[in-house]
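[1] build the 3D model from these lines:
(2 chains)
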Protein chains: 2
Amino acid sequence: MISYDDARAYVLSLIEALEPRPLALDDALGCVIAQRVVATEAVPGFANSSMDGYALRADDTRDVPTRLRVTGTTLAGAAPSAPVAPGEARRIMTGAPLPPGADSVFMIEEVDVLDEGRVVVIPRRASRGQNVRQPGEDVTPGDVLVVDGDVLSPPRIGVLASQGVRTVLARPRPRVGVVSTGNELITEGGPLGPGQIRDTNGPLVRALLRDAGFQAVDLGVALDDEAATTALLAAGAATCDAVISTGGVSVGDVDHVKAAITHLGGERSRWMQIALRPGKPFAVGVTAASTPLFGLPGNPVSTRVSFELFVRPALRRMAGHRDVDRPRVRAVLDVALTRNHDQKLHVLHARVVVGDDGRWHVVELVRHGSHLLHAIARANAMLLYPEGPDLATGDEVEVLLLSMESLNGEVE
Amino acid sequence: MISYDDARAYVLSLIEALEPRPLALDDALGCVIAQRVVATEAVPGFANSSMDGYALRADDTRDVPTRLRVTGTTLAGAAPSAPVAPGEARRIMTGAPLPPGADSVFMIEEVDVLDEGRVVVIPRRASRGQNVRQPGEDVTPGDVLVVDGDVLSPPRIGVLASQGVRTVLARPRPRVGVVSTGNELITEGGPLGPGQIRDTNGPLVRALLRDAGFQAVDLGVALDDEAATTALLAAGAATCDAVISTGGVSVGDVDHVKAAITHLGGERSRWMQIALRPGKPFAVGVTAASTPLFGLPGNPVSTRVSFELFVRPALRRMAGHRDVDRPRVRAVLDVALTRNHDQKLHVLHARVVVGDDGRWHVVELVRHGSHLLHAIARANAMLLYPEGPDLATGDEVEVLLLSMESLNGEVE
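    Numbering: from 1, shown residues only, chains lettered A, B, ... in the order given. The predicted structure follows:
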């Protein structure tokens, strides 16, 4: 038996970040950038109006109200226009370049317009620079916009677009092959034969991958044959960034995934019995080409737990994330927790809410064997707890947050 | 001026959920199902072993240790095998059907095997049913698995797959067209001409849409011409579930989006001046075919705020979500907040963390004009506050959580 911490550290020790590659900005959302981007252009690139109004010389408004002669209109996108001379104003739209001579903009809602638009009455003094965006006010050439390791969030995508960046050097989303194992599995609809069951883990793992922002590739089912299992994992490793299989990692006669991963992973492969419930058996290895292979247990809830605790962090490391973990928060138990005495770390799905007191509350513990998948659909957190005395309501525990949805109410 | 609450209520009043359509289970992750799915098959479908071990009759273990004759091996996926008679055992693998006659399984790690596998020594009494999964233990025909309105999370995808469901009736992810407006915009790389700026809002809004789980369609730039703007919005509305445009909704001479939305939306269209900062101007309407059109302000930070407060909830309603809002939590201010006195609701981006005390803390307020996009990249929350007295550190505020990442540390 190996501890959860040691198992996790071993898995992560095998993982390297994927090589960065050029990605179109529109395809890079959520990816981790692998370059420092320094601004080359000032934003704004030229003095422009932040309002719809009248561009004028502040000195002309010393004695107000005052009348200025309107010499036309400047629209956004216009080329530089004739100067604004003393006694003149120019009607100007938001984003339009400030005409030479003008130093401020008076907003359109506050002026009176006379003589069919040829004269504007300015009611108050203007201060120099008012309603003018100065060149470089937002971004100056040389400003560091993003650094290696930053996640390309929507605002960062916007910032890069504002500099004319169309392609970034970033780590791609891992493309992960998914294999289910077992002669008993049926992947299509239609009736089941004797002893057959439907493949649950393939769709489940593909959904878990997509939910975590990775790409999922359906590699199908490996029958209970060591050579066939090895061949399918090898073929997956040749075309994917990582391969996940479910089932075939326990101590049974046909648990060929252990052997397949050992065969493909050599010295860097390991079959582990982890002091964790559910999620005891786990196999991991990396091919000669450094492609990780993960062998997860076959019970769907065990699969989900192993994915969450080992595979998701590993794939996030492949994707280049500095922070590979779910957020952890301390929560108040609103329900009692009976603990076990088997020297294992237990994992329980839970539902947490943010209470009116501003604190996290565990309002439901999802009791289940390692096989009751539909019972965990209401959960939005996981509770990891070692053996120890039972906990009462009001005690505190640490939980991993799996979802930010529905923290204020019912899980949808 | 209209209040934020009234503006939001009006926008949401225009929105109907998209019609459900059949979606492949693999494509339905995150979608809202529009049907009730009742189990038609028991899971498990037959009594099977939850362990690798020996299937036997519990009555044969009254006097232990006892020797049983091993009559072969039953693998998962096998058809029903010969009965286990008194005095016999059958080697059995996880998931394999329990042979007739047997009523329990003894785990492989605890037995001794003699005579080249033909005899097994059972060291302790077995209780009837131990390590056996009974038919229907997880799911019984008639069990309600999901109901109309449930979000298809990975566990629910797994549950449906376990019933042989390959297609679900669900509301699709809204497909949303994105238009930027203005003669000054350049969408490609290369040098800028006089008065030109780069289109930031197009890439920003497409990223915001994808980040929220929707599909984004780039409809390009509408030049400052009312007919051209109307035509582009109409073309987008004909091929998309909704259209978002940015810019052209203020009081300027070329703010044609207002007119275009009024033209296309008729009586149900509305141009609003909202008592909100940033995010004052907003236009909304629905076409005769009930396709929503959203006209957002042109400053990128205003665009982001308007998207977050009005468009994202509306699109979530289109997608069928019962809960259209971000989670709201009460947080302790670790920094002071100077409030304004302009009768507007102010929106500030903020960074919040979960402290060691288990509570939320606002550790940074992102000060900005409505145009400083790169300043908000570090934020993971939004603070909405009406006018009122200044707040000190230690005071509580309510925040909207924008991201679950990095709640424990630095934003990546």
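[2] where does the stretch 1-150 of chain A come near chain B, residue by residue?
    Proximity of the stretch 1-150 of chain A to chain B (CB under 8 Å from any CB of the partner chain) is limited to residues A:25-26, A:29-30, A:32, A:41, A:43-46, A:50, A:52, A:73, A:75-80, A:91, A:93-97, A:108-109, A:133, A:137-139, A:143, A:145-146, A:149-150. Backbone N, C-alpha and C define where each C-beta goes, glycine included.
[3] per-residue pLDDT, whichever residue of the stretch 1-150 of chain A sits closest to chain B?
    Nearest to chain B in the stretch 1-150 of chain A, going by CB to the nearest CB, is A:Gly77, at a distance of 3.3 Å. For A:Gly77, the pLDDT comes out at 92.
[4] okay, helices next: where are they in the stretch 1-150 of chain A?
    A:4-13 (DSSP state H, counting those that start in this stretch).
[5] before we move on, what about the stretch 201-350 of chain A?
    For the stretch 201-350 of chain A, the helices defined by DSSP H, counting those that start in this stretch occupy A:201-211, A:226-239, A:256-265, A:300-306, A:312-318.
[6] including mean neighbour count and distance to B:Val353, could the ones you listed go into JSON lines?
    Output for the helices of the stretch 201-350 of chain A, formatted as JSON lines (neighbours: other CB atoms under 10 Å in any protein chain shown; distance: least, CB to CB, whole Å):
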{"stretch": "helix A:201-211", "mean neighbour count": "25", "distance to B:Val353": "24"}
{"stretch": "helix A:226-239", "mean neighbour count": "18", "distance to B:Val353": "39"}
{"stretch": "helix A:256-265", "mean neighbour count": "23", "distance to B:Val353": "39"}
{"stretch": "helix A:300-306", "mean neighbour count": "27", "distance to B:Val353": "27"}
{"stretch": "helix A:312-318", "mean neighbour count": "22", "distance to B:Val353": "19"}
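[7] so A:Trp279 makes contact with A:Val347?
    Quick fix: residue A:279 reads Gly, not Trp. Yes: with contact defined as CB atoms under 8 Å, A:Gly279 reaches A:Val347; the gap is 6.6 Å.
[8] and these two? Which one has more around it.
    Neighbours per residue (other CB atoms under 10 Å in any protein chain shown) separate A:Gly279 from A:Val347, with A:Gly279 holding more: 28 against 24.
[9] how about the contacts made by the more buried one?
    Residues in contact with A:Gly279, defined by CB atoms under 8 Å, 6 or more residues apart in numbering or on different chains, are A:Pro297, A:Ser302, A:Val305, A:Ser306, A:Leu309, A:Val347, A:Ser370.
[10] go with 7 Å
    For A:Gly279, the contacting residues are A:Pro297, A:Ser302, A:Val305, A:Ser306, A:Leu309, A:Val347, by CB atoms under 7 Å, 6 or more residues apart in numbering or on different chains.
[11] for A:Thr262, same thing?
    A:Thr262 sits next to A:Ser269, A:Gly285 when contact means CB under 7 Å, 6+ apart.
[12] again with A:Leu384
    Contacts of A:Leu384 (CB under 7 Å, 6+ apart): A:Leu345, A:Val347.
[13] strand partners (parallel or antiparallel) of whichever helix or strand it is part of?
    Per DSSP states H and E, A:Leu384 falls inside strand A:381-385. Sheet pairing of strand A:381-385 (DSSP bridges) gives strand A:345-354 (antiparallel), strand A:396-401 (antiparallel).
[14] could you single out the most deeply buried of those?
    strand A:345-354 (a mean of 22; mean count of other CB atoms under 10 Å in any protein chain shown).
[15] contact partners of that one?
    A:4, A:275-279, A:305, A:331, A:340, A:360-366, A:376, A:378-386, A:399, A:407-408, A:411, B:327, B:329.
[16] what's the following helix or strand after that strand?
    That would be, after strand A:345-354 and using DSSP H and E, strand A:360-366.
[17] could you give me the PyMOL selection string for whichever of the residues of the stretch 1-150 of chain A next to chain B are buried?
    The PyMOL selection below is limited to those of the residues of the stretch 1-150 of chain A next to chain B classed as buried (16 or more other CB atoms under 10 Å in any protein chain shown):
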select buried, chain A and resi 25+26+29+30+32+41+43+44+45+46+50+52+73+75+76+77+78+91+93+94+95+96+97+108+133+137+138+139+143+145+146+149+150
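[18] among the residues of the stretch 1-150 of chain A next to chain B, name the ones in strands.
    Residues of these located in strands (DSSP state E): A:Val32, A:Thr73, A:Arg91, A:Arg133, A:Leu145, A:Val146.
[19] TSV please, covering those and showing pLDDT and distance to B:Asp60.
    TSV is the format used below for these (pLDDT from 0 to 100; distance: CB to CB, whole Å):
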residue	pLDDT	distance to B:Asp60
A:Val32	98	60
A:Thr73	95	99
A:Arg91	97	99
A:Arg133	94	88
A:Leu145	94	74
A:Val146	95	69
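[20] distance to B:Leu208 added to the residues you listed, as TSV?
    Below are these laid out as TSV (distance: CB to CB, whole Å):
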residue	distance to B:Leu208
A:Val32	19
A:Thr73	33
A:Arg91	33
A:Arg133	23
A:Leu145	18
A:Val146	17
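[21] isn't A:Gly136 right up against A:Glu41?
    No: between A:Gly136 and A:Glu41 there is no contact under CB atoms under 7 Å: 9.3 Å.
[22] next one: A:Ala379, what pLDDT does it get?
    92.
[23] next structured bit after whatever helix or strand A:Leu160 lives in?
    A:Leu160 belongs to helix A:154-162 when assigned by DSSP H and E. For helix A:154-162, the following helix or strand on the C-terminal side (DSSP H and E) is strand A:167-171.
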